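> Provided below for reference: sequence and predicted model.
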Amino acid sequence: MSGAHLLWQVCVILATARALAWLLGRLGQPPVIGEMIAGIVLGPVVFGALAPGWHAALFPPDGLAALGGLSQIGLVLFMFIVGAELRAPASAGAQLRAAAWVGVPGVLVPMLLGFAIAPLLHPTLAGAGVGLFPFALFLAAAMAITAFPILARILKERGMTHTPLGQLSLSSAALADVLAWIALAAVVGLMGAGQGWSALGRMLAGLGVLAALGFGVLRPWLARRIARAAPDGRPQTGLLGVLLIGTFAMAGATEWLGLHAVFGAFLFGACLPRDDRLLASLIERLQHIAIVVLMPMFFALAGLRTSADAFGGAGLPALGLILLVAVAGKVLGAGAGARIAGLGWREAFAVGALMNARALMELIVMQVGLDAGVIGSELFTMLMVMAIATTLVTAPLVDLFLHAGRRRRVRVAAD
């Protein structure tokens, strides 16, 4: 493929992503939803169905390697920022216990529901030769994931970041995502190890060594280096290069272990010192280029891997079941946990609705599952629709629960 062809691909992808991001933003939705929808629009479901000749000419199957490389870089940079954004609860006492009450049920209930529906979906939607257990574990992880960055953005847009509800939601989402990523790592390890438990043990041991190296050696060294070279929290070119080298090295190490590169990038980001000035600088310098330029390549490739046949036959009932389990598991599981943690029912269900946002994080889970051969293109397509739908309803559900509660209090006061 020529360089001009790649540039035309990038041009079409970016133009479509920005147009739909602008449109969804005007409708009060996170722009990332428009970018995700752009992937479906550019794939075989829409563009391929409306103009198959043009679609084949612009996105030939043997001409996507360069886009794959760009999307991989964007994905690694994005997960590095997600790891750097991860924050432990503000206190090790009540806040941590409350986050556990929300985060643990917010993971376990969707996972249990995912396990429950797995036998129904496995015969037709699992990857070739994949056993029921790894498929069920993957489906459970896919149901359990929460999009921490999107949740944070929704809270920020509504001025709720520093409220008790907002702090509880952020802490719980961080805990929930850690648990879900551990489950996903087990799935990928099982598949990469040929479902052999001893090989899986070696993989997880390797991951443990990387984690010990990151938190025991790299984190204190990076803290000293950053304090000395960037006391204002804004690393200059040399130090920024060190951070990027560490990110890609850790990503390459987890890929070499048979896991996915996203685990290493996330791990290295989590190893950074918790400095809000450093995080703001990294977002300013890396996240914008990753999100505006590179991540749309990831969305486009995800869209190109969807299947126009996913909704034929039993496809629509399967999609309906997945949507029901995804929404109910998060809203009820996290909502019940928030109620136990002391919130009223309205606020508790609002927390559950926030935990229901999956967005880009779900796409990453799906991509990992597809790359590992756990799922096929049909289930990949359904999960992509689920990721978009659950994120679309998050903000309206939060407003519904909270505003309904305010209206009720106003009526009681008036009476």
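Alright, I've got the coordinates.

> Now for the closest residue in space to Gly39 that isn't next to it in sequence: which residues touch it?
In space, and not counting its chain neighbours, Gly39 is closest to Gly303: 3.0 Å by Cβ to Cβ, 6 or more residues apart in numbering. (Each C-beta comes from the backbone N, C-alpha and C, glycine too.) Contacts for Gly303 (Cβ atoms under 8 Å, 6 or more residues apart in numbering) come out as 38-43, 45, 384.

> Check the offset of the one helix or strand Gly303 maps to from the chain's centre.
According to DSSP states H and E, Gly303 maps onto helix 295-304. Averaging C-alpha positions (Cα atoms, centre = their mean, to the nearest Å) puts helix 295-304 14 Å from its chain's average.

> cool, and stretch 204-218?
Distance of stretch 204-218 from the chain centroid (Cα atoms, centre = their mean) equals 23 Å.

> re earlier: want to throw the contacts of Gly303 into JSON lines with pLDDT?
Listed next are the contacts of Gly303 as JSON lines, based on pLDDT from 0 to 100:
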{"residue": "Ala38", "pLDDT": "90"}
{"residue": "Gly39", "pLDDT": "87"}
{"residue": "Ile40", "pLDDT": "89"}
{"residue": "Val41", "pLDDT": "91"}
{"residue": "Leu42", "pLDDT": "91"}
{"residue": "Gly43", "pLDDT": "88"}
{"residue": "Val45", "pLDDT": "85"}
{"residue": "Met384", "pLDDT": "90"}
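
> Just the ones of those residues in helices?
Judged by DSSP state H, helices contain the following of the contacts of Gly303: 38-42, 384.

> so Trp345 sits right up against Arg339, yeah?
Yes: Trp345 lies in contact with Arg339 (Cβ atoms under 8 Å); the separation is 6.1 Å.

> neighbour count winner among those two?
A count of neighbours by other Cβ atoms under 10 Å puts Arg339 above the other of Trp345 and Arg339, at 18 against 13.

> Make sure Gly258 is indeed in a strand.
No: if the criterion is DSSP: H, G, I helix; E, B strand; the rest coil, then Gly258 is coil and not within a strand.

> ok, how many other residues are close to it?
By other Cβ under 10 Å, 19 other residues sit near Gly258.

> At which residues are the helices of the stretch 201-350 of the chain located?
Under the criterion DSSP state H, counting those that start in this stretch, the stretch 201-350 of the chain contains helices at 219-229, 237-256, 261-271, 276-282, 288-289, 295-304, 315-340, 345-355.

> Quick one, which of these gets closest to Ile154.
With Cβ to Cβ, the closest approach to Ile154 among the helices of the stretch 201-350 of the chain belongs to helix 345-355: 6.7 Å.

> And that closest one, what does it pack against?
Contact analysis of helix 345-355 by 3 or more Cβ pairs under 8 Å, 6 or more residues apart in numbering; DSSP states H and E lists helix 94-125, helix 148-157, helix 164-192, helix 315-340, helix 394-414 as its packing neighbours.

> Dump it to PDB, restricted to CA.
Presented in PDB, the C-alpha positions along helix 345-355 are these (Å, rounded to 0.1, in the frame of the first residue of the first chain):
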ATOM      1  CA  TRP A 345     -31.800   4.700  46.800                       C
ATOM      2  CA  ARG A 346     -31.800   7.500  44.200                       C
ATOM      3  CA  GLU A 347     -28.100   8.300  44.700                       C
ATOM      4  CA  ALA A 348     -27.300   4.600  44.900                       C
ATOM      5  CA  PHE A 349     -28.900   3.900  41.500                       C
ATOM      6  CA  ALA A 350     -27.100   6.900  40.100                       C
ATOM      7  CA  VAL A 351     -23.800   5.400  41.100                       C
ATOM      8  CA  GLY A 352     -24.900   2.100  39.500                       C
ATOM      9  CA  ALA A 353     -25.700   4.000  36.300                       C
ATOM     10  CA  LEU A 354     -22.300   5.700  36.300                       C
ATOM     11  CA  MET A 355     -20.600   2.300  36.700                       C
END
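
> measure Ala15 to Ala21 for me?
Counting by Cβ to Cβ, to the nearest Å, the gap from Ala15 to Ala21 is 11 Å.

> wait, I meant Ala249
With distances taken as Cβ to Cβ, Ala249 is found 32 Å from Ala21.

> between those two, who's got more neighbours?
Using other Cβ under 10 Å as the criterion, Ala249 and Ala21 rank with Ala21 on top: 23 against 11.

> quick one, the strand or helix carrying the more buried one and helix 295-304 angle?
Ala21 belongs to helix 3-26 when assigned by DSSP H and E. Angle of helix 3-26 versus helix 295-304, following axes from the mean of the first three to the mean of the last three Cα atoms, to 10 degrees, is 90 degrees.

> who's in contact with helix 3-26?
By Cβ under 8 Å, 6+ apart, helix 3-26 touches 30-35, 37-38, 41-42, 58-59, 63, 66-67, 70, 292-293, 296-297, 299-300.

> In PyMOL, how would I select the buried members of the residues you listed?
This is the PyMOL syntax for the buried subset of the contacts of helix 3-26, where burial follows 16 or more other Cβ atoms under 10 Å:
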select buried, resi 30+31+32+33+34+35+37+38+41+42+58+59+67+70+292+293+296+297+299+300
